[in-house]
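A.B. asks: would you be able to build a 3D model of this:
(chains A and B)
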Amino acid sequence: MSATSLVLIDILKYTVAAATPLLFASMGGLFSELSGMLNIALEGLMGIGAFFGMAAAGLSGSLMIGALAAVCAAVLGALLMGSVTIRLRANLFIAGLAMNLLSGGITAVLSQWWYHTKAVVAFSIASPPAIFPEFLHAIPLIGPIIFTQSSLAVSSWLWALAVAAIIRRTRHGMRIRATGMNAAAVAALGFSPDRSRMAALIWSGIGSGLGGYALGLSISAFVPNIVSGRGWVALVAIYLGQRKPLWIAASCLLFALAESLSNYIQGFSTIPPLLVLALPYAVTLISLIVAGKKRAAGY
Amino acid sequence: MSSESSLRSSTRLSLAVGVSLALTCAVLALFSADFWGALGQFFIAPFSNRYFFGNFLADAVPLAISGLGVLIAFRSKNFNLGGEGQLYSGALVAGILALRLGQATDPLELWIAASVAGALTGALIAALSGALKAYRGVSELISSFLISAIVVNVVDFFITGPLQDPASNFQTTRQLAAQFLLPKILVPSKLDISACVALALVAGAAVAAARTRIGFELKICGENEEFARYCGISVVRYDVGAMAFSGALYGLAGALLVIGPQARVMRGFSSGIGWSAISVALLAQGSELGVVPAALFVAFLGAGSNQVMIGSGIPSEIISILQAVALFFITAQALPRVRRRRKA
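C.D. replies: Okay, here's the model as predicted:
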């Protein structure tokens, strides 16, 4: 195999891995989006998931317990947001901002308290195992790109499938969608739009928590600002994918490709790394502008 | 909204302030070995001498200026979440200009040039988000955040690359000569005449909002876009204008820091001010004059957190938690239902 194709395979393999956190978070955020809430707290909830997930996994040595803790912590955060916005009728954006602030504050304070540092907290945790049998790795192209992926990456795609099924096929999912389309009609039918919105926020907490945990596992550590904008990118993926699971997944892959390329370029080019770091945001912004044009034409 | 369940804004404000102060005490009790000492440090240190008091006031200046911009943008329902980048880039451009002009000008010209340049930079960046909202239907929350994330990286690049001071061990530009820095008010603290600029801006904005056509039309755009269109008001112009205005104030705040207390552009020096300014705008509850006490309150929490951090090892990020809690309360419109039922 030539050197270029090896590089290409490397970039694509990392793309799939980098899509994992985005996929978890954006599919979770899809629920809140469908229920009519622009949840800008995905970012903060991912940070919470990353910290508590890694802390629990480090303590117990079990990846599953880590995942459970990540979900519980992020769902608690989502419940807090839900009670403030739905029960106390607070402004959703402001509550989202507050959640993001809270996430940064709590993780920094607890990190100082538990690990006596605000910087990198490294954990010795076994990385998520590869689950496809060895012989599949030999398949050209697909083998090294897809079949070498960890159970974590695979579960993010299962999660995406599950979300698609829930929003399309279940009463629960349809009620959430209906709430976003016409909350008054849902109320008139005797269902509670508030309950659907709360459920949607909880789903977004589950997704963001897992997404943040996936970020932590990918570097076996918790660092401040570990999420660094990925919650926002996940939010844009929902927009760009026009709230359709398949297209959201494609958007996540696109943004992950930008991240993967930016990582690659940093290692092998003379372009200053700080400028390369801006690449994923730039790709996200441009995609948003392009998608926005379509939307404006639709009106 | 039924009147019995809605909270008056004064109640919300006292809840927000009260709870964040109570939480501060709780955290101090939990984390510090010497509770009373830490409490004293937190609440009294900013007032203990001229130096601390002046620095505390100086911290409030950029918060008041940029918080005012956020408040005005909020009024037209525009959420500018890109303050971090707008302030940072305003500071950079002002810094470049000030360093370039150097000895060639007199200080007053340099201050004006740097302030205008900083404000224009912030305004341009924020106006882009406003235009994207107006012409492409892109949420200004998301675009302003993303643009800010890009801008921060670009500014970091300039500071650590082409503009790095070769003589310094820090990631920073060269330093401005002392005669080109804004005159200090409360020596030895870092408070300078930018405090007067902040007060003048707040007063000017309050008058403009209450007395001018622009202030009135801006308010209508925020309260009822459809009605504004019906009245022949260009909503697009106010979307872009309000974002540009808040960006300009962010940029100005950055510029004033560079020609004032900072005297240079150091990497990450303004990190967090952009977000705190949003807290200030929310605490001000829609009133321009309210920006001043709100900025003082947020600066007070910040000064206290820094003091305590030095004293007892509690990370200064504690201020994020306090601000978050204050925001939750300030934005709550109703009491919990349980409590309402009990009352009935």
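
A.B. asks: do a quick rundown of the helices in the stretch 151-300 of chain B.
C.D. replies: Here the stretch 151-300 of chain B has its helices, by DSSP state H, counting those that start in this stretch, at B:194-211, B:213-223, B:225-230, B:235-257, B:273-283, B:291-312.

A.B. asks: so the longest one versus helix B:213-223, what angle?
C.D. replies: Counting by axes from the mean of the first three to the mean of the last three CA atoms, to 10 degrees, helix B:235-257 points 110 degrees away from the direction of helix B:213-223.

A.B. asks: now the one helix or strand residue B:320 maps to: average pLDDT?
C.D. replies: When elements are assigned from DSSP states H and E, residue B:320 belongs to helix B:318-331. Here helix B:318-331 scores 85 as its mean pLDDT.

A.B. asks: and stretch B:52-60, by the same measure?
C.D. replies: Regarding stretch B:52-60, the rounded mean pLDDT is 93.

A.B. asks: coming back round to it: tell me the most buried of the helices of the stretch 151-300 of chain B?
C.D. replies: Mean neighbour count (mean count of other CB atoms under 10 Å in any protein chain shown) peaks for helix B:235-257 among the helices of the stretch 151-300 of chain B, with a mean of 28. Just so you know, the C-beta spots here come from the backbone N, C-alpha and C atoms, and that holds for glycine as well.

A.B. asks: quick one: is that helix near chain A?
C.D. replies: No - applying CB under 8 Å from any CB of the partner chain, one finds helix B:235-257 separated from chain A by no less than 12.1 Å.

A.B. asks: by contact count, what packs against that helix?
C.D. replies: helix B:50-75, helix B:83-101, helix B:107-136, helix B:140-160, helix B:194-211, helix B:213-223, helix B:225-230, helix B:273-283 (3 or more CB pairs under 8 Å, 6 or more residues apart in numbering or on different chains; DSSP states H and E).

A.B. asks: run the chain-centre distance for it.
C.D. replies: Averaging C-alpha positions (CA atoms, centre = their mean, to the nearest Å) puts helix B:235-257 12 Å from its chain's average.

A.B. asks: could you export it as PDB, CA atoms only?
C.D. replies: The C-alpha trace of helix B:235-257 is given here as PDB (Å, rounded to 0.1, in the frame of the first residue of the first chain):
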ATOM      1  CA  VAL B 235     -35.700  45.100  11.400                       C
ATOM      2  CA  VAL B 236     -32.700  44.000   9.500                       C
ATOM      3  CA  ARG B 237     -30.900  47.300  10.200                       C
ATOM      4  CA  TYR B 238     -31.600  46.900  13.900                       C
ATOM      5  CA  ASP B 239     -30.400  43.300  13.900                       C
ATOM      6  CA  VAL B 240     -27.100  44.200  12.400                       C
ATOM      7  CA  GLY B 241     -26.900  47.500  14.200                       C
ATOM      8  CA  ALA B 242     -27.600  46.100  17.700                       C
ATOM      9  CA  MET B 243     -25.000  43.300  17.200                       C
ATOM     10  CA  ALA B 244     -22.500  45.800  15.900                       C
ATOM     11  CA  PHE B 245     -23.100  48.100  18.800                       C
ATOM     12  CA  SER B 246     -22.500  45.400  21.400                       C
ATOM     13  CA  GLY B 247     -19.500  44.300  19.400                       C
ATOM     14  CA  ALA B 248     -18.200  47.800  19.400                       C
ATOM     15  CA  LEU B 249     -18.500  48.100  23.200                       C
ATOM     16  CA  TYR B 250     -16.700  44.700  23.600                       C
ATOM     17  CA  GLY B 251     -13.900  45.900  21.300                       C
ATOM     18  CA  LEU B 252     -13.700  49.300  23.100                       C
ATOM     19  CA  ALA B 253     -13.500  47.500  26.500                       C
ATOM     20  CA  GLY B 254     -10.600  45.500  25.100                       C
ATOM     21  CA  ALA B 255      -8.800  48.500  23.700                       C
ATOM     22  CA  LEU B 256      -9.200  50.400  27.000                       C
ATOM     23  CA  LEU B 257      -7.600  47.500  28.900                       C
END
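
A.B. asks: just give me how far stretch B:287-302 sits from the chain centre.
C.D. replies: Distance, centroid of stretch B:287-302 to centroid of chain: 10 Å (CA atoms, centre = their mean).

A.B. asks: okay, the helices of the stretch 151-300 of chain B in CSV with distance to residue A:205 next?
C.D. replies: As requested, the helices of the stretch 151-300 of chain B are exported to CSV (distance: least, CB to CB, whole Å):
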stretch, distance to residue A:205
helix B:194-211, 39
helix B:213-223, 31
helix B:225-230, 32
helix B:235-257, 31
helix B:273-283, 22
helix B:291-312, 28
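
A.B. asks: for the closest residue to residue B:321 other than its chain neighbours, which residues are in contact?
C.D. replies: Nearest residue to residue B:321 in three dimensions, chain neighbours excluded: residue A:105, at 3.6 Å (CB to CB, 6 or more residues apart in numbering or on different chains). Taking CB atoms under 8 Å, 6 or more residues apart in numbering or on different chains, we find residue A:105 in contact with B:317-324.

A.B. asks: point me to the helix or strand that includes residue A:105.
C.D. replies: Residue A:105 is part of helix A:92-115 when elements are defined by DSSP H and E.

A.B. asks: next, format the helices and strands packed on helix B:235-257 as JSON lines and append distance to chain A.
C.D. replies: Putting the helices and strands packed on helix B:235-257 into JSON lines (distance: least, CB to the nearest CB, whole Å) gives the following:
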{"stretch": "helix B:50-75", "distance to chain A": "10"}
{"stretch": "helix B:83-101", "distance to chain A": "10"}
{"stretch": "helix B:107-136", "distance to chain A": "4"}
{"stretch": "helix B:140-160", "distance to chain A": "4"}
{"stretch": "helix B:194-211", "distance to chain A": "21"}
{"stretch": "helix B:213-223", "distance to chain A": "13"}
{"stretch": "helix B:225-230", "distance to chain A": "14"}
{"stretch": "helix B:273-283", "distance to chain A": "6"}
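
A.B. asks: could you pull out the strands for the stretch 1-150 of chain A?
C.D. replies: Using DSSP state E, counting those that start in this stretch, the strands of the stretch 1-150 of chain A run over A:121-122.

A.B. asks: and it, which residues reach chain B?
C.D. replies: Counting by CB under 8 Å from any CB, the residues of the stretch 1-150 of chain A near chain B are A:38, A:40, A:80, A:83-84, A:87-91, A:93-95, A:97-99, A:101-102, A:104-106, A:108-109, A:111-113, A:118.

A.B. asks: most neighbours among the contacts of residue A:105, which one?
C.D. replies: For the contacts of residue A:105, the largest number of neighbours (other CB atoms under 10 Å in any protein chain shown) sits with residue B:323, at 28 neighbours.

A.B. asks: grab the nearest non-local neighbour of that one.
C.D. replies: residue B:279 (4.8 Å).

A.B. asks: so the one you found sits right up against residue B:325, yeah?
C.D. replies: No - contact status for residue B:279 versus residue B:325: not in contact, 10.6 Å apart, counting by CB atoms under 8 Å.
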